[in-house]
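**Student:** Got a sequence here, can you build the structure:
(chains A, B, C and D)
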Number of protein chains: 2
Amino acid sequence: MRADAQRNRERLIEVAHEVFKERGLDAPMDEVARRAGVGPGTLYRHFPTREALHEAIMATWIEEVAGQVEKAMATEGGCREKLLAWFEEYVALLTRHQGAAAKITASLGCQDSPLRTKCQTYADANESVLAQMADHGVLREGVDNLDVCRLLGGVATMADHSSLAPEDVRPMLDVIANGVLKA
Amino acid sequence: MRADAQRNRERLIEVAHEVFKERGLDAPMDEVARRAGVGPGTLYRHFPTREALHEAIMATWIEEVAGQVEKAMATEGGCREKLLAWFEEYVALLTRHQGAAAKITASLGCQDSPLRTKCQTYADANESVLAQMADHGVLREGVDNLDVCRLLGGVATMADHSSLAPEDVRPMLDVIANGVLKA
DNA sequence: CAGTGAAACGGAGACATGCTCCGCTTGATT
DNA sequence: AATCAAGCGGAGCATGTCTCCGTTTCACTG
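**Tutor:** Numbering: from 1, shown residues only, chains lettered A, B, ... in the order given. You can find the predicted model right below:
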């Protein structure tokens, strides 16, 4: 790739990060181009679709996921506290940008989504946490990872749409934790 | 209201029902006008915003809610079966039109939403079911109606976005039921 | 260090959609 | 029949997506 193309690509991702943070994932594409000081044509050559740009942005979050699992599992207290810490982290990661939670979770099921690899990282992280719960014998029988991911994605989406504060999200996560852990 | 205006209004609701069913709640407003054989101006006079049209459409569902509560509570089996039957019904009601679940649930929190009265009906219905569970002493302490509504709204939204079949939704509702009922 | 060709750029503009404004039409009333 | 407000409709503006293609820039070569 030519040096100027490389520069533009990096700048576009950087600017897109700002714009999407300020105005949500549905912000005008042309706004991203304008702020990056390039024409729309250039933007669309680098990222043919809005989703391609989303994907590029989320790539930076993905790197943090593994660390957040560890951090959550190091929480003081029992399995329940650790699980809840992870759930809160999961929701926080999904709601970084307005509109992200719904898109990521929707792509969990379909094999051919452009966000596939990204959402798979989340699903894998959640699976590893559930596996640890199972190892401690506190996980209910028959609890499926995909279902839990979707439940958390649903909570994150509701939090996103209603601009819920963490303390409003917590009781929902409590219910899910109760439903996932043995009594 | 003049007779022709009345006719147009009714026809618009009828057509909007079809269009939104086919193409989701974000379908072009002008498409509704065109199919109804009126100009966009007429559509917007009757329904100044997209939400106003949504509201008019949902008014017809609202009438069914009370009946569905009764039907669910008449389900064979114990409290858990009744609760799950209601949860399934709740999700089904919310997913009648693509995009409805997210909008309705998002308006649960804010007092000034145009969909307020509609979503309140759902919330009230769910509250009555939870109250019956509490009467039977099977409801966990501290479970809040709004939280359960949001959880169900989240599930419905995920089902909507991923076009999930009822059998894919059921396990999520199982988890919520486990989390809401005493062990 | 020009010359060259391909890669990259940028922005005009075609197209879709939301919504409004205002001149024209029509229904109800007298 | 005459009247006129209520109602209608569609041209048209605003915003946003995405493409096409003439122009510019980079990197390589002799």
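
**Student:** What parts of chain A come near DNA strand D?
**Tutor:** A:2-4, A:26-31, A:39-41, A:44, A:48-50 (Cβ under 7 Å from any atom of the strand). The C-beta positions use only the backbone N, C-alpha and C, and glycine is treated the same way.

**Student:** The residue nearest the centre of chain A: what's it in contact with?
**Tutor:** Nearest to the geometric centre of chain A sits A:Leu94, at 3.2 Å (Cα atoms, centre = their mean). Contacts for A:Leu94 were tallied using Cβ atoms under 8 Å, 6 or more residues apart in numbering or on different chains; they are A:Ala100, A:Ala101, A:Ile104, A:Thr105, A:Tyr122, A:Leu152, A:Gly153, A:Ala156, A:Asp160.

**Student:** If we use 10 Å, what do you get?
**Tutor:** A:61, A:100-105, A:119, A:122, A:149, A:152-153, A:155-157, A:159-160 (Cβ atoms under 10 Å, 6 or more residues apart in numbering or on different chains).

**Student:** what subset of these is also close to chain B?
**Tutor:** By Cβ under 10 Å from any Cβ of the partner chain, the members of those lying near chain B are A:Ala101, A:Ala102, A:Lys103, A:Thr105, A:Cys149, A:Leu152, A:Gly153, A:Val155, A:Ala156, A:Thr157, A:Ala159, A:Asp160.

**Student:** Return the subset of the residues you listed lying in helices.
**Tutor:** Secondary structure from DSSP state H places A:Ala101, A:Ala102, A:Lys103, A:Thr105, A:Cys149, A:Leu152, A:Gly153, A:Val155, A:Ala156, A:Thr157, A:Ala159, A:Asp160 of the ones next to chain B among the contacts of A:Leu94 in helices.

**Student:** my guess is the fifth one contacts A:Cys119, does it?
**Tutor:** Yes - distance between A:Cys149 and A:Cys119: 8.2 Å, which falls inside the contact criterion (Cβ atoms under 10 Å).

**Student:** what's the overlap in contacts for the two?
**Tutor:** What both A:Cys149 and A:Cys119 touch, as defined by Cβ under 10 Å, 6+ apart, is the set A:Leu94, A:Ile104, A:Thr105, A:Leu108, A:Gly109.

**Student:** Quick check: residues of chain A near DNA strand C?
**Tutor:** A:1-2, A:4-5, A:7-8, A:37-42, A:45-46.

**Student:** can you put those in CSV and add neighbour count?
**Tutor:** CSV is the format used below for those (neighbours: other Cβ atoms under 10 Å in any protein chain shown):
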residue, neighbour count
A:Met1, 9
A:Arg2, 7
A:Asp4, 9
A:Ala5, 12
A:Arg7, 11
A:Asn8, 20
A:Gly37, 11
A:Val38, 18
A:Gly39, 12
A:Pro40, 13
A:Gly41, 9
A:Thr42, 17
A:Arg45, 13
A:His46, 21
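
**Student:** with the ones next to chain B among the contacts of A:Leu94 in mind, which one is nearest to A:Val138?
**Tutor:** A:Leu152 (17.9 Å; Cβ to Cβ).

**Student:** Give me the nearest residue to that closest one, chain neighbours excluded.
**Tutor:** Closest residue to A:Leu152 apart from its sequence neighbours, by Cβ to Cβ, 6 or more residues apart in numbering or on different chains: A:Tyr90 at 5.2 Å.

**Student:** Counting neighbours, what do you get for whichever residue of chain A sits closest to chain B?
**Tutor:** Nearest residue of chain A to chain B, counting by Cβ to the nearest Cβ: A:Gly154, 2.4 Å away. Counted with other Cβ atoms under 10 Å in any protein chain shown, residues neighbouring A:Gly154 total 31.
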